[in-house]
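*Asks:* What shape does this take:
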Amino acid sequence: MRGSQNKTIRRVLDTVRNTIQEKRLLSGGEQVWIAVSGGPDSVALLDILHSLKDELGIFIRVIHINHHTRGGDSDADERFTRTIAAMYGYQTAIRDIEMKRFSEEKARLEREEIFSQIIRDFGGVVATGHTADDAVETFIFNLLRGTGIDGLSGIPPKRGFYIRPLIDLFREDILAYLHSRQLNFRTDHTNLFPSFSRNRIRLELIPYLEKFNPHTREHIYTAVSLIQEQKQFLKGVSREIIAQNTLLSSEQFLLFEEKILSLGRLFFGEILKFALQHFGIGLKGFTSAFVRSTWRNLSGRSNLLVLTKRGEYALTLEVKKELVLFSFLPSCFQMEELVSHIPNSVSIPCNLGTILLEPAKRGAERFSDDECTVFLSFPPNTKVTVRTPKKGETFLPLGLEGYKKVSSYLKTRFNFSSLRRYIPAVFFNDKLAWIPGGGISGLFKITDSTENTICLRISGPLADLIRLTRLPK
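*Replies:* From the prediction side, this is the model:
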């Protein structure tokens with residue numbers, strides 16, 4: 001009997017050791033916060049990592065979250081956790097969650113915030129007692145409600161600062177280990193209530209499926225593991241392709257070559273995910289339905305799409321002339337700034353860049369090869385204003401006959417309608433003198449009689465985007 005128990009202990013320890021090594025959960029030297037609820041999985045996790053801590057070179061700390069949802073049982077869980085942690089020589093950090101009305105989703109979010117704060121304050125990683133059963137149940141739960149590859153990949157062995165060393169063990173492995181080690185644990189009786197969706201999957205659906213095949217859980221977990229590997233491969237390939245096809249990356253813009261869309265809807269989902277994370281929007285609401293809808297609209301030639309809004313900002317997607325542009329900027333954009341003296345510089349809102357104004361020496365180049373730099377005639381006592389053009393405003397483009405509407409002229413110079421509204425113009429005595437990347441006014445061209453000249457230059461993300469997307473004259 002004793003030999004059988006020792007064999008169980010060795011098998012479990014070997015499995016966890018292999019999981020940590022193969023999935024690179026730890027590299028040594030980390031501070032590991034073990035989330036201990038008092039239940040079987042977390043008690044086993046504490047005992048296993050304690051047994052391996054010298055071998056792994058880690059420092060263990062214990063944290064317990066009291067949800068206060070089960071009255072005296074919740075407090076008993078806390079006392080039990082303190083006792084068992086002290087048995088190994090660890091103190092327990094206690095955190096409380098107070099909820100007037102219990103919600104699984106809210107409790108999860110509260111726990112994540114607590115763990116995030118712990119890591120911000122003290123560093124390290126958080127080890128949780130998720131097992132192969134949890135991965136299987138999550139797979140089924142997501143499958144039933146509708147999901148993509150992320151949901152079908154179950155619970156990842158590592159996500160951010162979370163690690164799951166027990167993810168390759170099933171519940172019976174955990175119970176056998178606890179029995180062999182003669183360890184007590186607490187039982188959360190709410191896990192037996194079929195009113196919760198996950199409990200019904202565990203208590204009713206999986207046992208029903210096992211009537212068809214007693215190895216259902218093992219087969220599903222094998223499939224989940226393969227999906228995780230394919231997902232990681234797809235992510236790696238996606239990062240490479242995205243990097244190869246990125247023309248511009250800033251806090252306001254992402255510009256890609258359009259051929260990045262030729263890889264189809266599956267890869268397009270990775271592009272959308274990359275954009276949402278790049279702009280700090282997060283993946284809340286990111287579903288396979290969202291990807292399908294966006295892809296369908298693009299395929300239907302809806303070239304300008306508002307993907308999501310966050311406060312006053314909107315994330316837009318536009319496809320034009322072999323280019324794909326994501327913009328994350330305010331829905332309404334206005335600026336107006338009077339330039340009090342020359343030389344000077346004017347900052348464009350939203351960190352879009354700077355317009356530099358400085359005197360130019362006599363004989364300076366009359367034309368610049370850079371569409372973001374111009375030289376103009378600058379009459380004495382000229383009032384200079386940098387602002388967004390008004391609706392219906394006109395100007396006299398150099399090289400064209402007659403006055404043109406600014407809005408109509410910009411359409412001939414810039415592909416992206418999502419870009420045109422953010423380009424400010426420079427006005428001399430309330431007459432439009434220059435549209436960066438667009439054109440200069442014939443009223444202020446340099447001639448042989450010009451006495452004073454000025455150099456105007458735009459720099460920053462907006463200038464970079466202008467250079468990459470401006471249409472030829």
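*Asks:* so Ala86 is in which element?
*Replies:* helix 72-87 (DSSP states H and E).
*Asks:* Sheet partners, orientation included, of the next helix or strand after that helix?
*Replies:* Moving toward the C-terminus from helix 72-87, the first helix or strand encountered (DSSP H and E) is strand 92-96. If you go by DSSP bridges, strand 92-96 pairs up with strand 59-66 (parallel).
*Asks:* now the angle between helix 72-87 and the partner strand, please.
*Replies:* 170 degrees (axes from the mean of the first three to the mean of the last three C-alpha atoms, to 10 degrees).
*Asks:* Give the buried residues for strand 59-66.
*Replies:* Ile60, Arg61, Val62, Ile63, His64, Ile65, Asn66 (16 or more other C-beta atoms under 10 Å). In this view, the C-beta of every residue, glycine as well, is placed from N, C-alpha and C.
*Asks:* I'd assumed Ser238 was in contact with Phe274.
*Replies:* Yes. Between Phe274 and Ser238 there is a contact under C-beta atoms under 8 Å: 7.2 Å.
*Asks:* what's the burial count for Gly282?
*Replies:* Using other C-beta atoms under 10 Å, Gly282 has 11 other residues around it.
*Asks:* Give me the phi and psi for it.
*Replies:* phi 90, psi 170 (degrees, to the nearest 10).
*Asks:* what does Ser299 give?
*Replies:* phi -60, psi -30.
*Asks:* From the structure, what's the count of residues near it?
*Replies:* So Ser299, with other C-beta under 10 Å, has 11 neighbours.
*Asks:* Which residues are in contact with it?
*Replies:* Residues counted as contacts of Ser299 (C-beta atoms under 8 Å, 6 or more residues apart in numbering): none.
*Asks:* And it, how far from Asn429?
*Replies:* 49 Å (C-beta to C-beta, to the nearest Å).
*Asks:* what's the answer for Glu218, then?
*Replies:* Counting by C-beta to C-beta - Glu218 and Asn429 are separated by 80 Å.
*Asks:* what about the residue most central in space within the chain, which SS state?
*Replies:* Centre of the chain computed as the mean C-alpha position; nearest residue by C-alpha atoms, centre = their mean is Gln277, 2.2 Å away. With DSSP: H, G, I helix; E, B strand; the rest coil as the basis, Gln277 sits in helix.
*Asks:* quick one, what contacts it?
*Replies:* Neighbours of Gln277 in contact, by C-beta under 8 Å, 6+ apart: Leu283.
*Asks:* what stretches of the chain score poorly on pLDDT?
*Replies:* 1-3, 99-102, 189-196, 301-302, 362-369, 471-473 (pLDDT under 70).
*Asks:* Who are the packing partners of the longest helix belonging to it?
*Replies:* Longest among the helix segments of the chain by residue count, using DSSP state H, is helix 216-245. Identification of packing neighbours for helix 216-245 by 3 or more C-beta pairs under 8 Å, 6 or more residues apart in numbering; DSSP states H and E yields helix 132-145, helix 149-152, helix 206-209, strand 253-257, helix 265-278.
*Asks:* Tell me the helices and strands packed up against the fourth one.
*Replies:* For strand 253-257, the contact count by 3+ C-beta pairs under 8 Å, 6+ apart identifies helix 216-245, strand 246-249, helix 265-278, strand 323-330, helix 461-469 as packing neighbours.
*Asks:* now what about that strand, what contacts it?
*Replies:* Applying C-beta under 8 Å, 6+ apart, the contact partners of strand 253-257 are 242, 245-249, 271, 275, 278-279, 322-328, 461, 465, 468-469.
*Asks:* what's the closest non-adjacent residue to Ile466?
*Replies:* Distances taken as C-beta to C-beta, 6 or more residues apart in numbering put Gly437 closest to Ile466, at 3.5 Å, once the chain neighbours are dropped.
*Asks:* shouldn't that neighbour be in contact with Glu371?
*Replies:* Yes. Assessed by C-beta under 8 Å, Gly437 is found in contact with Glu371 at 4.9 Å.
*Asks:* Quickly list the domain ranges of the chain.
*Replies:* 2-209, 238-330, 336-469 (automatic domain parsing).
*Asks:* Redo those as TSV? Include distance to Thr222.
*Replies:* Formatted as TSV, the domains of the chain follow (distance: least, C-beta to C-beta, whole Å):
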stretch	distance to Thr222
domain 2-209	10
domain 238-330	22
domain 336-469	46
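*Asks:* Nearest approach to Ala223 belongs to which of these?
*Replies:* domain 2-209 (7.8 Å; C-beta to C-beta).
*Asks:* How far does the closest one sit from its chain's centre?
*Replies:* Remark: domain 2-209 is offset 26 Å from the chain centroid, using C-alpha atoms, centre = their mean, to the nearest Å.
*Asks:* Ok, stretch 252-259 next?
*Replies:* That offset, for stretch 252-259, works out to 17 Å (C-alpha atoms, centre = their mean).
*Asks:* Stretch 200-217 now?
*Replies:* So, by C-alpha atoms, centre = their mean, the centroid of stretch 200-217 is 35 Å from its chain's centroid.
*Asks:* and if you look at stretch 393-403?
*Replies:* Centroid separation for stretch 393-403 versus its chain: 44 Å, with C-alpha atoms, centre = their mean.
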